[in-house]
Every structure is written in C-alpha cells, then in structure tokens.
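Here is my input, please return the structure:
(2 chains)
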Amino acid sequence: MVEGAAAEVIVEAADEETVERAAEDLANLDPICAAVHCGCMGLPQELVDHIMERLHDDLRALKACSLTCKSMFASTRHLIHQTLYLTLRNNRGVPTHHPGRGHSDTELRFLSFMGKRGFLQYTRQVHFHMGHVFAPDFLLPHLGQLQSLDRVHSFTIEACDALLWQSHHDTIFTHFYPTLTSLTLHRPLSHYRYVLQFALQFPNLQNLCIEHPAGSEWIRPGLITPATIDVPPPLRGHFRLVGVGVVRWPTKFSYELPSGINFRSVELQGVPRNQGQKIVRACAGTLEDLAIMLCGDGTHRVSCSSHCAS
Amino acid sequence: MVRTESRVPLIAQANLILTGNIQLVYLDYAKNVVLRRLTFRLPFSHVPALPVKLTVTTIPTLSSLLFREFVLELGKLPSQFTRSSSTYWGLWDKIDRFFDEKFAERTDFRVVIRTGKLYDRETFQTHVKERFPLSARRGRIHFETSYSIDQHWR
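Below is the predicted model of the structure:
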C-alpha cells in the first residue's frame, strides 16, 4: 500500500521538471557519491522530499512512508507533526501520575509529552479542542512548552473565553505574534468585543474564522471598541463568519470590525443581511471571492483550515 | 443509498425563509469593483426558490468588470431525476438570459455547477443545459465534482 501511494505520486510527477532535474543530477553524480546520497529506491533526497510534500495532508500515507526507510522517515517527520492536536483523546493517551480530571498540570499533558520528545519544533498549526473552555488556567502550567511553539501560522480554538484572556494578550501569546496568520474561533464565548480583541491582538493576522459565536451581551465598562485599535492586523486573506444557531446575533458585530480590513475572500453563513452587507462593503476594494451558504440546518461546515493554510 | 427527491419549489422557498439564510441573497455588490467570483452553496432542494429574487435584486448589482465566475455548489442531490428540469430548477432560465446579456462580451465568463457524487450525471447535466440554454450554447457551463461536498452536507 505504501509502495502504491508513493508510486502514484511518482507517476503524477513524472512529466514534471522535477523528474528531469533529478535525472540530470543523478547522471552527474559519480557512482560512489550517488550511493551515499541516494535516499530511497535510488532517488535523491530532494525528490523524496517532493513526493512527501505531495502527501502533506494524508497522515496515514505519511506515517506508512515514514516506516519504510531512513530517507522517508527524515522527510516525513516535519509533515507528520506539523499539526498539534490538543484534544481530549490525545490527552488520554498520555499516562499521568495525577488520575482524574481537574488537576491543572495534567489537563494539557499531551503538550508537555510532545515537547519533551522534541516534536514541537515541527508544529505549524495548533488545534485546541479539549471539551472545555479555553482558559488561561489550563495553559499557564505548560507555558514553557507553549512558548517553544514559535513557528505556528494557524491556530484553531474551540470555546475560547475571550474575556478571561483579556489581561494575558501581551504575555502568553507573544511568541505567536511574528508568525500567526490564521485564527479560527469556534463557538467563542464572551461578548463579541472581547472576541474581536482577542483575534486582533495578533499583528500579522490575515485569515479569520468566527463560527457560532456564543457570547453574552454583558460587557465590562471601559473596554475600547475593536474598531478604534490603532494598528489593526492586515486582515487581507480569508474571512469566514458563521452564525447559524446563534439565538441573539450581536447587533453591532460587523460594525466594530476595524476599518482597514482588506479581505480578498469572504464566506458568510447565517449572518443577518445588514451585517453581511457591512462586511461586503467594508472589503469593497479588495473582495475577489464571495461565498454565501444558503443551507437550512446549519450542519454544513466548510473547513477553514484549508483556506487559511493556502 | 437512495435519497429523497427534490421538494417542490414552494416548500424549498418556505424552508429557506424559515431558516433566515435567505436574507444573504439580497446583498448589494455595486461597490465591489474587483469581485471575480460569486458562490452560492445550498442544498439542491432550495435551488428553485432562488432565481426570481436573484434576478430582481442581487445579480443586477454585479458591477465588477473583473467578474468571471458564478458558482452554484449543490449538496444533497437526489439519486434520480425523474421529473422535468423545471421542477428541480424553477426559473433559472431568467438568470441565464440575464447572464447572456450582461456578460455577452466577456468570453471567459463561466457558470460553474459544482456537486458531489452524482448517480445520474447524464440527466443532471441535461437538466442544467435545459435551464441554461444560452450559456450552454456559448460553452460557458462547467461541471465540477468535489467529493468533499458530500462530506460537508452529510
């Protein structure tokens, strides 16, 4: 099966320049040099890397390939570990000395587990879906490991309580600031202003997905509106806003987006017309691609990560 | 797996209105000067409920000179198409006429019909060509298959 998958990719790439270049490189190498450098099946490492890159989103194939030889092991490792899933299931797979839930040291033990084995250096995307609210208490005991994630470009959070993060913006996530370009907030809690402020703290943010906001109307007095943030992030990639199932849509949500948004691609679903119109107009000079979902039950979900990663 | 047949247009329209999602059909694109592609993602049963509203409101506001692609991404298709094309598509020929007039000089303008797996591809494509006769004649209809659509609409 592994051979089949690899062979398929080789056939796909067969008419491309890569193969010609690789063949030329091979021809130029003397037999001894070729024997040392040829990684796998007589193919140069560059070609093996190229083939593995083609399989980047097929985790099963990557894992299978990684078991075949040292060459493929080396070229698949960063792809296998590029996405860090902080999920309940992964957490349960890591043994702990503190049985039972609620111990803050063990809540994110999968993160420490991966960190101790040196896998966090490969992480480019982080998914947080632990079955409970994303709050500082769970991250603080693992801050060292979290801050070693310094090349993450995509962050997906389930049930982010943005209010609780308000006083941690410039501390906990600063190592994400230089590289983070995509943020997905699924079922974010708190008032929409806190949600927007949480998102807008990332200075290089280009893609933003907010799905099923579940926040209350309650707000602390004195909070500045997101629209007045001095230097908003560029926001020139993809914007996805899903409001299906939102009982009381915040009436000013779209009106408080920063004025400088330049999204090129927008997806809207279950958003009131006036707010959808506001977003479409706000991006008037840049919007090239607009998708509107007209589905009935709200079960239609398009993965944002594929858009965000592109 | 046999899927249920498309509902009649009135039921589709009622569904769409009840869910509130219909509102987003009414956006005004007059100021979107670089819009290239407009996509509507909807269940196939909702298709006949849209065209009149689209003709009257949304589509005439498409003012971008760069507009090149109108995409219908359809989910939950029936396994068979036993009725006439107008039952499934309603008055989409009005939209077709509009496209033909508005984009007559844009040779690269195209209408993309994107679906998941089709059990009766031939009838489906025949129906589309019946409802978009002018675009079909100009070779502007493009059919695309994306298996992820089935997963999303499951």
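
what's the nearest residue to residue 90 if we skip its chain neighbours?
Because you didn't say which chain, this covers chain A. residue A:110 (4.5 Å; CB to CB, 6 or more residues apart in numbering or on different chains). Bear in mind the C-beta positions are built from the backbone N, C-alpha and C, glycine included.

try again with chain B
Closest to residue B:90 by CB to CB, 6+ apart is residue B:48, at 3.0 Å.

what about the residue nearest to residue A:90, which SS state?
helix (DSSP: H, G, I helix; E, B strand; the rest coil).

contacting residues for it?
A:86-87, A:90-91, A:93-94 (CB atoms under 8 Å, 6 or more residues apart in numbering or on different chains).

Let me see the ranges of the helices in the chain.
You didn't pick a chain, so chain A it is. Ranges of helices in chain A, per DSSP state H, are A:2-13, A:17-28, A:31-37, A:45-54, A:59-66, A:70-80, A:88-92, A:104-107, A:109-116, A:136-139, A:143-147, A:192-200, A:273-282, A:304-309.

not quite, I wanted chain B
Using DSSP H, helices in chain B cover B:9-19, B:51-53, B:85-89, B:92-102, B:121-131, B:133-137, B:147-153.

Quickly compare those helices and say which is most buried.
helix B:85-89 (a mean of 20; mean count of other CB atoms under 10 Å in any protein chain shown).

is that one anywhere near chain A?
No - using CB under 8 Å from any CB of the partner chain, we find that helix B:85-89 stays clear of chain A, coming within 15.2 Å at best.

just checking, what packs against that helix?
helix B:121-131 (3 or more CB pairs under 8 Å, 6 or more residues apart in numbering or on different chains; DSSP states H and E).

Report the separation between the residue nearest to residue A:90 and chain B.
27 Å (CB to the nearest CB, to the nearest Å).

Distance check, residue B:65 against chain A.
Residue B:65 is 13 Å from chain A, by CB to the nearest CB.

contacting residues for that residue?
Contacts of residue B:65 (CB under 8 Å, 6+ apart): residue B:33.

measure it to residue A:277 for me?
Using CB to CB, to the nearest Å, residue B:65 is found at 21 Å from residue A:277.

what's the answer for residue A:199, then?
Counting by CB to CB - residue A:199 and residue A:277 are separated by 21 Å.

Of those two, which one has the most company?
Using other CB atoms under 10 Å in any protein chain shown as the criterion, residue A:199 and residue A:277 rank with residue A:199 on top: 23 against 19.

ok, the more buried one touching residue A:208?
Yes - look at residue A:199 against residue A:208 with CB atoms under 8 Å: they come within range, at 5.7 Å.

Could you pull out the residues contacting both of those two?
In contact with both residue A:199 and residue A:208: residue A:183, using CB under 8 Å, 6+ apart.

domains of chain A?
Chain A breaks down into these structural domains: A:2-79, A:83-309 (assignment by automatic domain parsing).

most tightly surrounded among these?
It is domain A:83-309: most buried of these by mean count of other CB under 10 Å, with a mean of 18.

what's the closest non-adjacent residue to residue A:284?
In space, residue A:284 is closest to residue B:31, 4.1 Å off (CB to CB, 6+ apart).

Identify the residues contacting the one you found.
Contacts of residue B:31 by CB under 8 Å, 6+ apart are A:281, A:284, B:63.

CSV please, covering those residues and showing pLDDT and distance to residue B:126.
CSV is the format used below for the contacts of residue B:31 (pLDDT from 0 to 100; distance: CB to CB, whole Å):
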residue, pLDDT, distance to residue B:126
A:281, 89, 40
A:284, 89, 39
B:63, 87, 33
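
Show me which of those residues is closest to residue A:66.
Closest to residue A:66 out of the contacts of residue B:31 is residue A:284 (47.5 Å), distances taken as CB to CB.

Verify the contact between residue B:111 and residue B:135 for me.
Yes - assessed by CB under 8 Å, residue B:111 is found in contact with residue B:135 at 5.2 Å.

which regions of the stretch 151-300 of chain A lie under the pLDDT threshold?
A:215-230, A:245-251, A:295-300 (pLDDT under 70).

now the strands for it?
A:154-158, A:182-186, A:207-211, A:238-242, A:265-269, A:289-293 (DSSP state E, counting those that start in this stretch).

Out of those strands, flag the one nearest chain B.
Chain B lies closest to strand A:289-293 among those, at 4.0 Å (CB to the nearest CB).

That closest one pairs with which strands, parallel or anti?
strand A:265-269 (parallel), strand B:37-43 (parallel) (DSSP bridges).

Tabulate the contacts of residue A:110 (TSV), appending pLDDT and distance to residue B:115.
Output for the contacts of residue A:110, formatted as TSV (pLDDT from 0 to 100; distance: CB to CB, whole Å):
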residue	pLDDT	distance to residue B:115
A:86	91	36
A:87	89	32
A:90	88	35
A:91	84	39
A:93	82	39
A:94	81	43
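
Just the closest of those residues to residue A:138, please.
For these, with residue A:138 as the reference and CB to CB as the criterion, the closest is residue A:86, at 9.4 Å.

quick one: the closest one from residue A:144, how far?
15 Å.

gap between the residue of the stretch 101-250 of chain A at minimum distance from chain B and residue B:152?
With CB to the nearest CB, the shortest gap between the stretch 101-250 of chain A and chain B falls at residue A:244, namely 7.7 Å. Distance, residue A:244 to residue B:152, by CB to CB: 13 Å.

same deal with residue A:238?
17 Å.

Ok, residue A:176 next?
On the measure of CB to CB, residue A:176 and residue B:152 end up 29 Å apart.

which residue does the stretch 1-150 of chain A bring closest to chain B?
residue A:57 (11.7 Å).

per-residue confidence for that residue?
Model confidence at residue A:57, expressed as pLDDT, equals 82.
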